[in-house]
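J.: what follows is a predicted protein model with its sequence.
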Amino acid sequence: MKVLRTYFADPRDGPLPALLVVLTIVTGVIDAVSILSLGRVFVANMTGNVVFVGFALAGAQGFSVSAAMFALGGFLVGALLTGVAIGRFGNRRGALFCTGLLVQFGLLAIAFVVAVVAGAPYGAAARDAIAASCALAMGLQNAVVTKLAVPDLTTTVLTRTLTGIAVDALAGGHGPALARRVLAVLAMLAGAVIGAVLVLHDSPTAALGLATGLLAILACAALVASRRPAAWQLAAPPPSHT
């Protein structure tokens, strides 16, 4: 518990670690929707998407080339446009995070509306539109989180996080760094489980609605937290821990 209190009370990052853990849960929910109902496509993990495109081109059944390409294109556009816009925020991390969450909420809201109107199971056009909108949101998220530079909380890809856990375990490591990494993995797992349960036992639209609602809550929390001037809102110095 002491490690967790230290982690979430870090003056360098303020409330960002806690908010990014919740954002990682959102990623798990969204990937559950994309994998289970959009033609086996990732909207957050582009490595998996490239592999899925290869499977589809080779003739493997159950993979959608169009959805994967829309997801790849949407992700790249989202990351590119966000990268261009980031320069306007200078060193204001708080403002960047709040704005990013609000835009991401809008993109997921569009995907949710398309899902509601189309009804599950989605047709090809609706599936591609949902994949593109979600991928735009995730490209934006990746660009913003990269700029925030909170250690061990990428919110999307866990390869380096899991590697860090393994290295820490072999070295007998412990403390805030290990706690961050374990929390990130558990958050992604929790989001995937929750999203899959909703997709399989209710509908993918319900899972999208949950992700959109969580983003709305996150945006409100970030806005409230950023109203009070604090050191974490400005560009962070290099982390003192690993």
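T.: Looks like it came in fine.
J.: shaky segments in the chain?
T.: For the chain, the stretches flagged by pLDDT under 70 are 1-10, 168-176, 235-242.
J.: let's see 50
T.: Residues of the chain meeting the criterion pLDDT under 50: 239-242.
J.: which SSE is the residue nearest the centre of it in?
T.: Taking Cα atoms, centre = their mean, the centroid of the chain lies closest to residue 27, which sits 3.9 Å from it. Residue 27 is part of helix 16-37, with elements assigned from DSSP states H and E.
J.: I'd like the distance from that helix to the chain centre, please.
T.: 5 Å (Cα atoms, centre = their mean, to the nearest Å).
J.: list the contacts for the residue nearest to the centre of the chain?
T.: 44, 138, 141, 155-156, 188, 191 (Cβ atoms under 8 Å, 6 or more residues apart in numbering). (C-beta placed from N, C-alpha, C; glycine too.)
J.: redo those residues as TSV? Include distance to residue 164 and secondary structure.
T.: Output for the contacts of residue 27, formatted as TSV (distance: Cβ to Cβ, whole Å; DSSP: H, G, I helix; E, B strand; the rest coil):
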residue	distance to residue 164	secondary structure
44	19	coil
138	22	helix
141	21	helix
155	15	coil
156	15	coil
188	14	helix
191	20	helix
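J.: now, which of those residues sits nearest residue 14?
T.: Nearest to residue 14 out of the contacts of residue 27 is residue 155 (Cβ to Cβ; 16.6 Å).
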